[in-house]
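Student: sequence plus the predicted model coming up.
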Amino acid sequence: MWRIPPEPIEDEQRCHLCGRTSPSIAAYLGLCRACILEHPQEALTRARAAHAAARRLFDLPQAPPRTENGVRCGLCVQDCRIGEGERGFCGLRTVRGGRLVHLAGTPRRGLLHWYRDPLPTNCVADWVCSGHRMRGYHNLAVFYASCVLDCLFCQNWHYREADPVRSEMMSARQLAEVANPRTYCVCYFGGDPASQMPHALASAKLLAEKGVVVCWETAGTAHPRLMDRAVRLSLETGGIVKFDLKAYDEGLHTALTGGSNRQTLENFARAAARFSERPEPPLVVASTLLVPGYVTPEEVGRIARFIAGINPEIPYSLLAFAPHFVMPDLPRTPRRHAEEAEEAARAAGLRHVHIGNRHLLW
């Protein structure tokens with residue numbers, strides 16, 4: 001059973017750079033939003049220590065390996081260069097005898113669990129997707145037990161407990177075979193499918209051949225070549241690519257998630273540029289979790305301007321936050337916060353903005 005390590009925790013919710021105290025400062029991180037934006041180097045030093053401590057709990061690599069002459073993985077934004085005996089940041093790849101070894105995430109070995117989710121479901125895009133009208137059918141929900149980010153507020157943090165050496169694996173073909181005549185759609189999430197994209201793409205292709213609608217819920221961190229293939233499968237089958245845009249500012253994104261958002265924004269822009277090829281149901285939907293104290297209406301406005309600059313018709317869902325993982329001391333998203341974020345998104349030019357998880361607002 002995991003527990004929060006004591007190193008980064010303090011007795012009060014205080015920023016260790018400016019000394020400010022607030023219930024909207026996560027004690028584990030020990031940084032306020034203003035200092036993350038205004039003092040990025042100092043803030044990221046502390047943030048990296050917090051991420052490293054959280055990952056030690058699950059025996060995950062504390063940082064992406066950057067070994068000189070290491071073997072490059074190249075599957076995601078972390079761009080790991082793995083030395084002999086090391087593991088990549090996601091924990092699924094290592095090097096033995098100078099060769100890259102995939103412990104999971106290949107078409108033959110997927111570290112995941114799946115279940116049938118009756119439609120309509122609580123999908124991020126439920127308010128605009130075709131599955132909303134498919135009562136009596138189900139979504140094949142595929143939860144990958146790995147990720148290439150390290151969100152300190154992760155609401156599905158349990159994937160970290162999966163063991164890529166001892167856990168039972170499932171091939172892409174085995175996964176595709178669980179679909180039945182009542183399977184309307186499949187959605188790949190987790191964790192994040194980016195860490196096991198070869199497996200996800202292989203099973204998605206097989207499911208598409210059966211007439212299943214293919215959807216994705218991702219932070220968009222996969223290599224652009226792989227992300228393009230995912231988008232194409234959704235476009236061809238009537239599915240949706242749901243991008244989780246956690247922040248616009250790179251420093252804030254890195255402090256909260258342990259990784260850059262450069263590839264996320266690039267992949268989103270590439271996918272969104274194809275939005276007009278099939279606007280109904282929308283090919284692309286964006287979402288943002290409203291983390292109190294960090295993902296403010298101002299931050300939402302910056303994300304929304306980025307989206308609107310590509311296509312103002314792209315739907316945008318703002319999700320209420322509930323405290324999780326190593327940020328259990330933050331409050332739930334206040335109703336005023338959500339409403340101001342919605343106003344900011346509309347003022348930025350977006351025409352379809354939605355507040356999700358309203359039951360969590362207070």
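Tutor: Nice, thanks for sending it over.
Student: model confidence score at residue 7, please.
Tutor: Per-residue pLDDT puts residue 7 at 49.
Student: next one: residue 1
Tutor: 42.
Student: spit out the contact partners of the most centrally placed residue in the chain.
Tutor: Centrality entry for the chain: nearest residue to the mean C-alpha point is residue 219, 3.5 Å, by CA atoms, centre = their mean. Applying CB atoms under 8 Å, 6 or more residues apart in numbering to residue 219 gives the contacts 148-149, 192, 194, 243-244, 246, 257, 264. All C-beta atoms are positioned from the backbone trio N, CA, C, and that covers glycine.
Student: go again using 10 Å as the cut-off
Tutor: Counting by CB atoms under 10 Å, 6 or more residues apart in numbering, residue 219 makes contact with 76-77, 147-149, 151, 190, 192-194, 243-246, 253, 257, 259, 261, 263-264, 267-268.
Student: ok, residue 164 next?
Tutor: With CB under 10 Å, 6+ apart, residue 164 has these contacts: 87, 90-94, 102-105, 109, 111, 145-146.
Student: kindly recompute the last result at 6 Å.
Tutor: Contact partners of residue 164, counting by CB atoms under 6 Å, 6 or more residues apart in numbering, are 92, 103-104, 111.
Student: residue 174 is in contact with residue 107, correct?
Tutor: No - at 10.4 Å, residue 107 and residue 174 do not qualify as touching, with contact defined as CB atoms under 6 Å.
Student: who has more neighbours out of the two?
Tutor: residue 107 (18 against 12; other CB atoms under 10 Å).
Student: any idea what sits nearest that one, other than its immediate chain neighbours?
Tutor: residue 202 (3.8 Å; CB to CB, 6 or more residues apart in numbering).
Student: distance check, the nearest residue to residue 201 once chain neighbours are set aside against residue 132.
Tutor: Distances taken as CB to CB, 6+ apart place residue 229 nearest to residue 201, at 5.5 Å, with adjacent residues excluded. Noted for residue 229: a distance of 26 Å to residue 132, by CB to CB, to the nearest Å.
Student: check residue 213 too.
Tutor: Residue 213 is 12 Å from residue 132, where distance means CB to CB.
Student: show me which of the two is the more surrounded one.
Tutor: Higher neighbour count among residue 213 and residue 132: residue 213, with 25 against 15, using other CB under 10 Å.
Student: pretty sure that one sits against residue 237.
Tutor: Yes - using CB under 6 Å, residue 213 makes contact with residue 237 at a distance of 5.0 Å.
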